[in-house]
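Asks: generate coordinates for the sequence data below:
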Amino acid sequence: MKPRDNINTLPELPGIYIFKDSAGRDIYIGKAKNIRDRVLGHFRSTGDVKEKKLTSSTVDIEYIVTDSEPEALILEAELVKKRQPRYNILLKDDKKFPWIKITNEPYPRIFSTRNLNQDGSRLFGPYTDNTALKHTLALVKQIFPVRTCRQQLPAKKPSRPCLNHQIGRCLAPCQGKISPEEYRTMIDTIVKYISGRNRELVHELEVLRDAASKQLDFEQAAHWRDQLQNLERVTAGQKIIFKGEMCADFIALARLKKQIVFIVLSFRGGRLVARYDRAIEDPLGSGDPELLSSFISQHYLISLTIPDNIILEILPEGSNLLEEVLLNFKGTGVSLKLPSNNVEKKLLSFAHKQLASKMDELVAGRERLNAKTAKPLIEVQQALGLDKLPRLVTAFDISNISGTDSVGSAVCFKDARPYKAGYRHFKIGTEGTNDTAMIKETVGRYLDHVREAKMDMPDLILVDGGLPQLNSALQSKREKGYNIPMAGLAKRMEELFLEDGSVVSLPRNSSGLHLMQRLRDEAHRFAQRYHHALRAKRTGNTRLVSIKGVGPGISGRLLRKFGSVKRISSASREDLAEIVGATMASRILQELEKE
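Replies: Numbering: from 1, shown residues only. Here you go, the predicted model:
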């Protein structure tokens, strides 16, 4: 029986549904307010390529009923993380990143871990920078006298306190010198520090310091003073963005083929306290709202560092449901919103700048390039909408004077640097001053040469000029059956013309634009150099062969040696004599001096 035939037997209740393949493997897990209607929606979307791909692989459907839609969302996030279905949007495994763990014990311990087992402990992270995590833990242990031993307190106690107690780094809970309630209060204070609620923490430390001072416990007052100074020293290095107590995360996303990259900037009390770089696998090519919904459910539902506001460029799918679930997890309201004022817009823009830098880094790593080399290539790829990074780019130009000595040039850049093996120049057979026809001939001849020589085809072809020049290059490509992206760069406005006739303008300070300008200018220089050489040879030959005793052979040798008639006339008699002999050298110089 086909899966579609069983849909009517599915419950009209909230819960999750599981699509399975012929091998019994989970290939997709989804949540629903009404399981039957949601599953039916998948099979009705016959025009949707991704839905067709999913349903065609499904041979069985299972489901789990929940009490509410928020419970279904939580269960979906947990099962997706655990089972990693093929067609779900998958947050990349966090186990490679360390987290801060606060254990679920009467006297909790604090340490870093990669084990995310659900044992009731509190997890903070993930920390993509291991150095930052170690620094945070070191500061926690420096500021707070939290225990570091592995004793199972209070069941198993050592006979005496450890050295840490003697030097003031532990309150000796193993000897009952602090109650579980008092110790828990300190742990709550540490959570505030880890969560970035530093202003609140500073106030509490000030209260403790002043209370100890009033009780004339100056040693304890000095202790709290030192911890307060340590905290203030740490937070002074955090970037102050704005005044106020706003607690918000700003999320930006970008696509790198089937991988979606997210940047989360966490601001607490007006300071940037954390940055998270996360990636999601998107096998079905989902839209941004769906991607954001999956990311938020997977990222925040396993962490207690949930902000008051999550600010995004577009709202995620099911934002009201997500807010309800986050409220249940945090205990206070969480708002998913668009930026509503200039400060929020600037901070979201700041997140996008961080994302652009991260994308450069990822592409550079994937292509085995350094970030500086990859940056202009990425900008060109994004501006032109190319499928692959244009590591090999060939630029074309032509040069002539009134249709005479017409030449075409092809220059090649590999990884944004000149690649001399790809340079070629051509004598143009096209007669007259038809520049577009000359471009067509040059592009066709170059591509034929590359194919015959079994060289790598370029990732992008750039022609000097606007739409007329680009269209002639495209005509050559189509006639010869090549499939290479092309663009034209017009000098007047420095605009890039695309194959569909649209125009793209890169910022004047763009490294991608500078790369395209360098290519165009190099093609122009190479074409002019060859044109001038041909012209000099033609005019020089005419003048030299008019001298008695000088034929094409002698004329050619002289021009190859000196480059032009002008340089021949200024050469010494001895230099000329080395090539043509003393008698002929004297005759040539005498004839040239008559002009």
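
Asks: now stretch 28-37: buried residues?
Replies: Judged by neighbour count using 16 or more other CB atoms under 10 Å, the buried positions of stretch 28-37 are 28-32, 34-36. For every residue, glycine as well, the C-beta is placed using N, CA and C.

Asks: closest one of these to residue 156?
Replies: Set against residue 156, the nearest of the buried residues of stretch 28-37 by CB to CB is residue 29 (42.3 Å).

Asks: bridged to that closest one, which residues?
Replies: In this entry, residue 29 is beta-bridged to residue 18, by DSSP bridges.

Asks: distance of it relative to residue 406?
Replies: 65 Å (CB to CB, to the nearest Å).

Asks: and residue 486, by the same measure?
Replies: For residue 486, the distance to residue 406 - CB to CB - is 22 Å.

Asks: these two: who's more crowded?
Replies: residue 406 (26 against 23; other CB atoms under 10 Å).

Asks: ok, the more buried one - contacts?
Replies: Residue 406 sits next to 398-400, 427-428, 430, 438, 531 when contact means CB atoms under 8 Å, 6 or more residues apart in numbering.

Asks: and residue 106, what does it touch?
Replies: 153-154, 180, 183.

Asks: now do the contacts for residue 40.
Replies: residue 7 are the contacts of residue 40 under CB under 8 Å, 6+ apart.

Asks: please enumerate the helices of the stretch 451-595 of the chain.
Replies: Along the stretch 451-595 of the chain, counting by DSSP state H, counting those that start in this stretch, helices occupy 467-480, 511-545, 552-562, 565-569, 573-580, 582-593.

Asks: for residue 351, find the nearest of those helices.
Replies: Using CB to CB as the measure, helix 511-545 is the one of the helices of the stretch 451-595 of the chain that comes nearest residue 351, at 21.3 Å.

Asks: the closest one: how far from the chain's middle?
Replies: 39 Å (CA atoms, centre = their mean, to the nearest Å).

Asks: what's the answer for stretch 274-282, then?
Replies: On the basis of CA atoms, centre = their mean, stretch 274-282 is displaced by 11 Å from the centre of the chain it belongs to.

Asks: contacts for that stretch?
Replies: Contacts for stretch 274-282 (CB under 8 Å, 6+ apart): 89-92, 126, 128, 196, 258-266, 291, 294-295, 298-299, 305, 354, 358.

Asks: in strands, which of the residues you listed fall?
Replies: Those of the contacts of stretch 274-282 mapping onto strands are 90-91, 259-266, per DSSP state E.

Asks: which PyMOL command selects the buried ones in the residues you listed?
Replies: Applying 16+ other CB under 10 Å to these, the buried members can be selected in PyMOL as follows:
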select buried, resi 90+91+260+261+262+263+264+265+266
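
Asks: distance to residue 492 and pLDDT for the ones in strands among the contacts of stretch 274-282 - can I get that in a markdown table?
Replies: Listed next are those as a markdown table, based on distance: CB to CB, whole Å; pLDDT from 0 to 100:
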| residue | distance to residue 492 | pLDDT |
| --- | --- | --- |
| 90 | 48 | 78 |
| 91 | 48 | 74 |
| 259 | 39 | 79 |
| 260 | 39 | 87 |
| 261 | 37 | 89 |
| 262 | 40 | 91 |
| 263 | 38 | 90 |
| 264 | 43 | 89 |
| 265 | 40 | 87 |
| 266 | 46 | 84 |
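
Asks: need the ones in strands among the contacts of stretch 274-282 in CSV with distance to residue 419, can you?
Replies: Formatted as CSV, the ones in strands among the contacts of stretch 274-282 follow (distance: CB to CB, whole Å):
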residue, distance to residue 419
90, 39
91, 40
259, 29
260, 33
261, 30
262, 36
263, 34
264, 40
265, 39
266, 44
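
Asks: if I pick residue 189, what's in contact with it?
Replies: 144, 201, 204.

Asks: what about these, which are in helices?
Replies: If you go by DSSP state H, the contacts of residue 189 have 201, 204 in helices.

Asks: my guess is residue 71 meets residue 16, correct?
Replies: No. Between residue 71 and residue 16 there is no contact under CB atoms under 8 Å: 9.4 Å.

Asks: between the two, who's got more neighbours?
Replies: Using other CB under 10 Å as the criterion, residue 71 and residue 16 rank with residue 16 on top: 25 against 18.

Asks: so that one is in which element?
Replies: Residue 16 is part of strand 15-20 when elements are defined by DSSP states H and E.

Asks: now that strand: average pLDDT?
Replies: What strand 15-20 shows for mean pLDDT is 92.

Asks: where does the stretch 51-200 of the chain have low pLDDT?
Replies: The model of the stretch 51-200 of the chain has pLDDT under 70 over residues 92-97, 116, 118, 125-129, 132, 195-200.

Asks: now the helices for it?
Replies: Under DSSP H, counting those that start in this stretch, the stretch 51-200 of the chain gives helices at 69-83, 130-143, 163-166, 180-194, 198-214.

Asks: which of those helices sits closest to residue 104?
Replies: Per CB to CB, nearest to residue 104 of those: helix 180-194, 10.9 Å.

Asks: ok, back up a step: so which of the contacts of residue 406 belong to helices?
Replies: 438, 531.

Asks: tell me which two in the contacts of residue 406 are the farthest apart.
Replies: 430 and 531 (14.3 Å).

Asks: have a look at these two and say which one is more surrounded.
Replies: Taking neighbours as other CB under 10 Å, residue 430 and residue 531 compare with residue 531 leading, 23 against 19.

Asks: middle-most residue in the protein, spatially?
Replies: residue 359 (1.2 Å; CA atoms, centre = their mean).

Asks: what sits against it?
Replies: By CB under 8 Å, 6+ apart, the residues touching residue 359 are 254, 256, 261, 378.

Asks: can we see that at 6 Å?
Replies: The neighbours of residue 359, taking CB atoms under 6 Å, 6 or more residues apart in numbering as the test, are residue 254.

Asks: for residue 292, see how far away it is.
Replies: From residue 359 to residue 292 the distance is 17 Å (CB to CB).

Asks: and what of residue 259?
Replies: For residue 259 relative to residue 292 (CB to CB), the value is 15 Å.

Asks: contacts only, for residue 370.
Replies: Here residue 370 is in contact with residue 364 (CB under 6 Å, 6+ apart).

Asks: now it. Its backbone dihedrals?
Replies: Per-residue torsions, residue 370: phi -80, psi 160 (degrees, to the nearest 10).

Asks: now swap in residue 408 and tell me
Replies: The phi/psi pair for residue 408 (degrees, to the nearest 10) is phi -120, psi 150.

Asks: cool, and the one 3 residues further on?
Replies: With angles defined as degrees, to the nearest 10, residue 411 shows backbone torsions of phi -120, psi 150.
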